[in-house]
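> Prediction below, plus the sequence it came from.
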Amino acid sequence: MNNLRLKALLGAGCFSLALIGSAMHPARAGGLERGGYDIDLLFDPAPFATEAEATYVMPDRKYKNARGPGGADLGLGTTADGAEPYWVPRIGAKVQVVQGVDCMVDYSQPWGAHVAPGMWNGAISNIETDIKSDNYAATCSYKMDAGKGQLRFIGGVFYQEVYGFKEGLVSLFPIATGRVDLSSSGWGWRAGLAYEIPDIALRASLVYNSQVKLDNISGSLTTPLGSTAIYSPTQSMPDSLELKLQSGIAPGWLAFGSIKWVNWSVLQSVPICPTLAPAALCFTNGPGQVTSLDLMYRDGWTVTGGIGHKFNDEWAAAGQLSWDRGTSHGYGSQTDTWTLGGGVAYTPKPNIEVRLAGAIGVMTSGHSGTLAGENGYVAGTDASYDFGNDLVTAISGGVKIKF
């Protein structure tokens with residue numbers, strides 16, 4: 001969550017407010033994003049600080065008018081749930097190594113998805129898909145005086161594990177299902193710059209997070225005929241670039257905003273092949289492919305703006321409005337999302353901060369059908385459906401302790 005340095009103007013004092021996170025913005029930048037990347041703890045001025053938080057997100061996406069291949073009614077139902085609720089945990093610790101050098105380690109779950117529509121007319125496409133991730137990161141910064149403020153150079157590395165499964169209908173008569181289990185891992189890095197003027201709570205940061213190359217994707221394909229070892233050629237989790245701005249605007253008041261781009265278009269149709277198939281034949285719509293994980297994303301954009309206010313030494317609050325451009329564009333249900341969030345921070349002692357936040361948003365309507373991709377592959381031939389303007393809500397709690 002964003003740690004806002006609400007250092008009030010005209011000597012009114014300063015405090016930290018970490019409210020603008022997953023609960024205030026459950027949609028993020030589409031794709032498989034859940035917690036995303038967050039290094040704001042690195043900016044805490046205390047010699048040592050640690051925080052833990054958890055967010056529970058409740059999307060209420062509903063599919064309707066569902067049809068199977070060729071628009072057929074398979075008799076399995078025209079409606080289904082299009083998303084499941086989920087938790088987003090995060091824990092981190094930051095230490096001042098020497099004067100001007102700060103380092104942070106953290107654990108998070110940046111990516112994930114869970115959709116379990118069950119037996120419906122789109123069951124050939126999906127009965128249940130569950131994707132999870134674990135991210136272990138170390139980030140450091142060096143700051144130096146520059147003009148009226150301080151210039152900070154940021155760099156870090158992270159190790160990421162991505163894993164999950166997908167189930168689908170493989171036979172109607174008799175009804176039989178198949179399941180794909182996959183897991184992978186890879187490394188990434190980040191680099192950025194920040195400029196701060198603490199006296200007016202001004203901070204501007206620009207941080208780039210690299211792609212994570214997943215070159216060891218492997219698992220199993222299970223059908224009524226048995227289990228087969230499978231793999232997928234190298235894929236990458238997306239890189240991202242985020243610009244954040246904040247500044248004090250009056251005694252006890254702070255304005256903030258951000259713009260984030262995530263390169264979700266790197267994930268289109270992921271081919272899945274038996275291990276006996278050579279890599280030269282394992283590509284989208286290639287002769288070695290036995291099935292695929294179709295995502296067909298376009299890039300994600302997130303724009304956020306908000307206001308924070310300190311009431312006294314113990315209580316502070318913030319609110320924000322966010323817009324996410326949908327990463328789906330004809331296939332899938334990740335359309336544009338508008339989210340309104342708010343939260344409070346309670347500081348019973350100078351070194352302890354307790355936070356509670358919530359959000360409500362609207363996921364806009366649309367249609368999922370066929371979409372042409374690379375190598376002549378067309379996704380969405382096995383299912384089509386509509387969805388309306390649906391609600392998403394979230395709650396979040398966290399605690400920070402610093403010395």
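Cool, the structure landed.
> gap between stretch 191-211 and the chain center?
20 Å (C-alpha atoms, centre = their mean, to the nearest Å).
> One more: stretch 389-400?
13 Å.
> any idea of the mean pLDDT for it?
Mean per-residue pLDDT for stretch 389-400: 95.
> cool, and stretch 124-143?
Confidence for stretch 124-143, expressed as mean pLDDT, is 97.
> got the buried residues for it?
Under the neighbour-count criterion of 16 or more other C-beta atoms under 10 Å, stretch 124-143 has 124-133, 135, 137, 139-141, 143 buried. Where C-beta positions appear, they are placed from N, C-alpha and C, glycine not excepted.
> Okay, and which of the residues you listed map to strands?
Judged by DSSP state E, the subset of those located in strands is 128-133, 135, 137, 139-141, 143.
> from those, which two are the most distant?
Glu128 and Lys143 (47.2 Å; C-beta to C-beta).
> Can you report how many residues neighbour the closest residue to Ser171 other than its chain neighbours?
Spatially, and ignoring its direct neighbours in sequence, Ser171 is nearest to Pro224 (7.4 Å; C-beta to C-beta, 6 or more residues apart in numbering). Neighbourhood size, Pro224 [other C-beta atoms under 10 Å]: 10.
> before we move on, what about Leu225?
For Leu225, using other C-beta under 10 Å, the count is 10.
> likewise Val57?
Val57: 25 neighbours (other C-beta under 10 Å).
> Kindly report the same for the one 3 residues further on.
Asp60 sits with 13 neighbouring residues when counted by other C-beta under 10 Å.
> Also the one 10 residues further on?
Per other C-beta under 10 Å, the neighbour tally for Gly70 reads 8.
> which residues sit in contact with it?
With contact set as C-beta atoms under 8 Å, 6 or more residues apart in numbering, Gly70 has no partners.
> Looks to me like it is in a helix.
Yes - Gly70: assigned to a helix according to DSSP: H, G, I helix; E, B strand; the rest coil.
> Next one: it from Glu53, what distance?
47 Å (C-beta to C-beta, to the nearest Å).
> if we can go back for a sec, now for the buried residues of stretch 124-143: which two are most distant?
Farthest pair in the buried residues of stretch 124-143 (C-beta to C-beta) is Ile124 and Lys143. Separation: 55.2 Å.
> ok, the residue lying closest to Gln235 once chain neighbours are set aside - contacts?
Nearest non-adjacent residue to Gln235, counting by C-beta to C-beta, 6+ apart: Leu214, 5.0 Å away. Neighbour list for Leu214: 162, 184-186, 234-237 [criterion: C-beta under 8 Å, 6+ apart].
> how close does the residue nearest to Ser171 get to Lys166?
Pro224 is 17 Å from Lys166, by C-beta to C-beta.
> Ramachandran angles for the residue nearest to Ser171?
When read as degrees, to the nearest 10, the backbone of Pro224 gives phi -60, psi -20.
> Double-check it against Val170; I have them as touching.
Yes - in this structure Pro224 lies within contact range of Val170 using C-beta atoms under 8 Å: 7.4 Å.
> which residues are in contact with both of those two?
Shared contacts of Pro224 and Val170, counting by C-beta under 8 Å, 6+ apart, come down to 176, 178.
> low-scoring stretches of this protein, by residue?
1-29 (pLDDT under 70).
> Which residues belonging to the helix or strand containing Gly341 are considered buried?
Per DSSP states H and E, Gly341 falls inside strand 337-349. By neighbour count on 16+ other C-beta under 10 Å, the buried set for strand 337-349 is 337-345, 347.
> could I get those as a markdown table with distance to Asn263?
Shown next, in a markdown table, are these (distance: C-beta to C-beta, whole Å):
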| residue | distance to Asn263 |
| --- | --- |
| Thr337 | 19 |
| Trp338 | 23 |
| Thr339 | 22 |
| Leu340 | 27 |
| Gly341 | 25 |
| Gly342 | 30 |
| Gly343 | 29 |
| Val344 | 35 |
| Ala345 | 33 |
| Thr347 | 38 |
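> Nearest to Ala357 among those?
So of the buried residues of strand 337-349, ranked by how close each gets to Ala357 (C-beta to C-beta), first place is Gly343, at 2.9 Å.
> got a list of what the residue nearest to Ser171 touches?
170-171, 176, 178.
> Over to Gly35?
Gly35 neighbours (C-beta under 8 Å, 6+ apart): 22, 55, 88-90, 108-110.
> separation between Ile249 and Gly343?
In terms of C-beta to C-beta, Ile249 sits 19 Å off from Gly343.
> hang on, the earlier thing: if you count contacts, what does the strand holding Gly341 end up packed against?
Contact here means 3 or more C-beta pairs under 8 Å, 6 or more residues apart in numbering; DSSP states H and E; on that basis strand 337-349 packs against strand 16-20, strand 315-325, strand 352-363, strand 390-402.
> closest one to Arg34 among the ones you listed?
strand 390-402 (11.0 Å).
> what's that closest one packed up against?
strand 16-20, strand 48-59, strand 337-349, strand 352-363.
> Mind listing the strands the third one pairs with, and their directions?
What that stands for is strand 337-349. strand 315-325 (antiparallel), strand 352-363 (antiparallel) (DSSP bridges).
> Give the buried residues for the first one.
Spelled out, it's strand 315-325. Under 16+ other C-beta under 10 Å, the buried positions of strand 315-325 are 316-322, 324-325.
> same question, stretch 366-377
For stretch 366-377, the neighbour count (16+ other C-beta under 10 Å) marks 366, 368, 371, 373, 377 as buried.
> The third one against Ser384, yeah?
Spelled out, it's Leu371. No - Leu371 lies out of contact with Ser384 (C-beta under 8 Å); the separation is 10.7 Å.
> Could you identify the most distant pair in the contacts of Gly35?
Thr55 and Pro110 (12.9 Å).
> Now do the helix or strand containing Ser220: which elements does it pack against?
For Ser220, the element it lies in under DSSP H and E is strand 218-223. In this structure, strand 218-223 makes packing contacts with strand 175-197, strand 226-231, judged by 3+ C-beta pairs under 8 Å, 6+ apart.
> Could you rerun that using 10 Å?
Judged by 3 or more C-beta pairs under 10 Å, 6 or more residues apart in numbering; DSSP states H and E, the packing partners of strand 218-223 are strand 149-172, strand 175-197, strand 226-231, strand 269-274.
> going on from the second one, what's the next piece of helix or strand?
In other words, strand 175-197. Following strand 175-197 in sequence, per DSSP H and E, is strand 202-209.
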